[in-house]
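K.L.:
Following is a predicted model, sequence given first.
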Amino acid sequence: MTTDFGTRDWFVGTMKGVMLRIQPRARLVDITHEVPPGDIRAGAFALAAACRFFPKGTVHVAVVDPGVGSARRAIAVQTADCSFVAPDNGLLSWALTTQRVRAIHALEEERYFLRPVSHTFHGRDIFAPVVAHLSRGVPLRKLGPALTDIVRLDWREPRLLRRGIEGEVVYVDRFGNAITNLRQDALQRADWVVCETRGGRRRVPAGQFYQAVPVGSPVALAGSSGFVEIAVNGGSAASVLGLMPGSRVGLVLRALQRQG
Amino acid sequence: MTTDFGTRDWFVGTMKGVMLRIQPRARLVDITHEVPPGDIRAGAFALAAACRFFPKGTVHVAVVDPGVGSARRAIAVQTADCSFVAPDNGLLSWALTTQRVRAIHALEEERYFLRPVSHTFHGRDIFAPVVAHLSRGVPLRKLGPALTDIVRLDWREPRLLRRGIEGEVVYVDRFGNAITNLRQDALQRADWVVCETRGGRRRVPAGQFYQAVPVGSPVALAGSSGFVEIAVNGGSAASVLGLMPGSRVGLVLRALQRQG
Amino acid sequence: MTTDFGTRDWFVGTMKGVMLRIQPRARLVDITHEVPPGDIRAGAFALAAACRFFPKGTVHVAVVDPGVGSARRAIAVQTADCSFVAPDNGLLSWALTTQRVRAIHALEEERYFLRPVSHTFHGRDIFAPVVAHLSRGVPLRKLGPALTDIVRLDWREPRLLRRGIEGEVVYVDRFGNAITNLRQDALQRADWVVCETRGGRRRVPAGQFYQAVPVGSPVALAGSSGFVEIAVNGGSAASVLGLMPGSRVGLVLRALQRQG
């Protein structure tokens, strides 16, 4: 389960109650419910970072759904390894880049919904019961008509510049680590990274782990999600350097340095 | 589980450990642990909103218990569908309005407690073990003497006025949506709702979902909990309008408008 | 599971996915994921307070690991009742004071890891898979070489003074209760406790539960973790009195008062 419902109200617990009523043997695992409210990009990133580590056959349900009740579609997607249920607003687009898609169906068959369906809580009334029915073996095609594609978020690719590669911060985690869209293998060919910080451009050395630099100092490392991450040893790169999603980060390549 | 223990300390995890020691097959589901500390009304509302979506036979445990260790009673309640264990301070009163109560017993039989019982953590020492014993089939009457009633919170009913119905905000959720005590069916006969906001009285149009109004605009809708909800599309009604529990909300009925 | 990963990113959910892939029947229970980032002492206290309430045979995994990727060891510890997996940075030291240790092994056998191992997320790549293998019955000795001891945090023992006992606050919980290092049995011989507060030294009376004093007043009580706790009825001792970890708290013994 990946949602922006938070844990301080009864939303997630209610979804779990609905699922267990239909499928008492369900194993329910939370990826996160603390996606910033309505932030589809953050939810898509979290889901993409986590989903490939789950068992084959997992049914993922993702609900970050500012358009709930409007005309946006709800979908189920079957891949070679698992399936996904979500609003069709881009939330699945990055998770699916690493998966072989087998089928996409709209959720329209109301007999798999809770009735009546509210206009504001499809997590409880549509997504939770559909997931539970899927995990009981209901085939995707029974849920509604087949679709050929889903809404996809744009993924800003890093740009190749004369002196290196320029990308940007795409996610800031709880520790204040700033995850970029720069592939981590590029870091092996770089000595340092240039970050656009609150106080101007700043060189950050590449390192292998947080404690590779003194406490309070920034370091660029190969993060666990496959991308270059800017961190501060014992602190928060987000608050120390003022990094946030969209902040530009450049990778200065070694070979190019020699030429320069 | 519905508590105000939060998730940053070890309180909830410890309760789960205690329950699994007695009943290793228990399915543990969190409704919320983020009830504001000591806020019995908020806990009662969350439990009432969620409990009817759980499987038949569920044992609900609710702990929002500022009087822990004092003379307040602890109780177990059996209804037609499920059972509840909680301090007798009103926490169950709204959940039970939708349930047929079969039996109420005080928790006094110490052999179902963890020993010694602390004065500050009955969640671990009384409620968790009692719930686990109940889920193993111990009958309610073994827990202590039968009672005829429980402490009940007052529920402020909306007042019928000359021009409509006046109610109030009873709960503000994570998204800043303000849930009122106005039954949602009344909304079908209203064109707008009048809210007492920080900046004075304000008309809010009725809509079916959040995106029925422009981003940043308020809308009154039939919420998923059965009550009229004031929301702001893409924002927080609580912060934009200054709504909080107790803020007055009036529903101007259509028929009455025509007469006026 | 006891970590400082928080619940707003995908870290904990990913660990759970990894564990379920190896051991689909695992029962996963969260103690807390909200240990303050990098605060080994707070994590050690939470684990010590909770672990003895779990079923025999539980495998505890604890990850508060500011040194991840550096030369610090990772370990598994078998005790008479359960086992623990954690970085060897002191995180287990207080939990193990109440356990009979049977064996300690370093985690070095890479066939029990996820490959490749990242430098920043050993929770996913080392600790989660090792825990899952342990819960499937892999014996500790297969994980790596036996060790004779672990890194231990110092525990500041209270000092015996002429007029009583002086200790300090070691943990502040969600409610603002300040837990000290003073053993609760000493409270029976004391009439009051002297706290070093923001506004100078203050006498706090001993009581049995929160509501033993008027709303807003402080009380010293025998906390559920075995230590003297300073609380404020209906409020937060941390914010009302300005108590925090390290604040000095003295227990004035009754016998000594009479002599004085």
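P.N.:
Okay, I see it.
K.L.:
What residues are bridge-paired with the residue nearest to A:Q184 when sequence neighbours are not counted?
P.N.:
Using CB to CB, 6 or more residues apart in numbering or on different chains and skipping the chain neighbours, the partner closest in space to A:Q184 is A:A222 (3.8 Å). For glycine as for every other residue, the C-beta is placed from the backbone atoms N, C-alpha and C. A:A222 has these beta-bridge partners by DSSP bridges: A:V228.
K.L.:
For A:A222, give me its contacts.
P.N.:
A:184-185, A:187, A:208, A:228-229, C:118-120 (CB atoms under 8 Å, 6 or more residues apart in numbering or on different chains).
K.L.:
if we go to 10 Å?
P.N.:
A:A222 makes contacts with A:183-188, A:206-209, A:228-229, C:118-120, as judged by CB atoms under 10 Å, 6 or more residues apart in numbering or on different chains.
K.L.:
cool, A:V101 as well?
P.N.:
So A:V101 contacts A:77-80, A:84, A:92, A:149-150 (CB under 10 Å, 6+ apart).
K.L.:
Which one among the residues you listed sits at the bottom for pLDDT?
P.N.:
Lowest pLDDT within these is found at A:D149 (92).
K.L.:
That residue and A:R111: what is the separation?
P.N.:
For A:D149, the distance to A:R111 equals 26 Å [CB to CB, to the nearest Å].
K.L.:
Over to A:G43?
P.N.:
Taken as CB to CB, the span from A:G43 to A:R111 is 28 Å.
K.L.:
Can you tell me the closest non-neighbouring residue to whichever residue of the stretch 51-200 of chain A sits closest to chain B?
P.N.:
Distances between the stretch 51-200 of chain A and chain B by CB to the nearest CB are smallest at A:G69, namely 2.7 Å. Excluding its sequence neighbours, the residue lying closest to A:G69 (CB to CB, 6+ apart) is B:F209, at 2.7 Å.
K.L.:
Would you map the helices across the stretch 101-250 of chain A?
P.N.:
A:122, A:128-135, A:237-241 (DSSP state H, counting those that start in this stretch).
K.L.:
is it possible to export those to a markdown table including mean neighbour count?
P.N.:
As requested, the helices of the stretch 101-250 of chain A are exported to a markdown table (neighbours: other CB atoms under 10 Å in any protein chain shown):
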| stretch | mean neighbour count |
| --- | --- |
| helix A:122 | 25 |
| helix A:128-135 | 24 |
| helix A:237-241 | 21 |
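K.L.:
For B:W192, find the nearest of those helices.
P.N.:
helix A:122 (25.4 Å; CB to CB).
K.L.:
tell me the SS of the residue nearest to A:D4 when sequence neighbours are not counted?
P.N.:
Excluding the flanking residues, the one nearest A:D4 by CB to CB, 6+ apart is A:V35, at 4.0 Å. Following DSSP: H, G, I helix; E, B strand; the rest coil, the label given to A:V35 is coil.
K.L.:
Give me the phi and psi for A:V35.
P.N.:
For A:V35, the backbone dihedrals (degrees, to the nearest 10) come out as phi -60, psi 130.
K.L.:
Contact partners for it?
P.N.:
By CB under 10 Å, 6+ apart, the contact list for A:V35 reads A:2-6, A:41-47, A:62-64, A:91, C:8-10.
K.L.:
Now do A:A237 against chain B, distance only.
P.N.:
Distance, A:A237 to chain B, by CB to the nearest CB, to the nearest Å: 23 Å.
K.L.:
where does the stretch 101-250 of chain A come near chain C, residue by residue?
P.N.:
Within the stretch 101-250 of chain A, the residues that sit near chain C (CB under 10 Å from any CB of the partner chain) are A:171-177, A:179, A:184, A:207-212, A:215, A:221-226, A:229, A:231, A:233-236.
K.L.:
ok so, going back, which of the contacts of A:V101 has the most neighbours?
P.N.:
In terms of neighbour count, A:L92 stands highest of those at 31 neighbours, by other CB atoms under 10 Å in any protein chain shown.
K.L.:
re the thing from before, among the contacts of A:V35, name the ones in strands.
P.N.:
Members of the contacts of A:V35 lying in strands (criterion: DSSP state E): A:2-3, A:62-63.
K.L.:
Nearest to chain C: which residue in chain A?
P.N.:
Closest approach between chain A and chain C, counting by CB to the nearest CB: A:F209, at 2.7 Å.
K.L.:
Next up, phi/psi of that residue, please.
P.N.:
The phi and psi torsions at A:F209 (degrees, to the nearest 10) take the values phi -150, psi 170.
K.L.:
Just confirm it contacts C:S118, I think it does.
P.N.:
Yes: in this structure A:F209 lies within contact range of C:S118 using CB atoms under 10 Å: 9.4 Å.
K.L.:
Spit out the residues that contact these two alike.
P.N.:
Shared contacts of A:F209 and C:S118, counting by CB under 10 Å, 6+ apart, come down to A:221-222, C:68-69.
K.L.:
Top of the residues you listed by number of neighbours, please.
P.N.:
Using other CB under 10 Å as the neighbour criterion, A:L221 leads these with 26 neighbours.
K.L.:
Would you mind listing the residues in contact with A:P218?
P.N.:
A:178, A:193, A:195, A:197, A:202-205, A:207, A:230-233, A:235, A:237, A:240-241, A:243.
K.L.:
Can you tell me which of these are classed as buried?
P.N.:
Buried members of these, counted by 16 or more other CB atoms under 10 Å in any protein chain shown: A:178, A:193, A:195, A:197, A:202, A:204, A:207, A:230-233, A:235, A:237, A:240-241, A:243.
K.L.:
how far does stretch A:198-215 stretch from start to finish?
P.N.:
Terminal residues of stretch A:198-215 lie 20 Å apart, using CA to CA, to the nearest Å.
K.L.:
got it, and stretch A:228-247?
P.N.:
13 Å.
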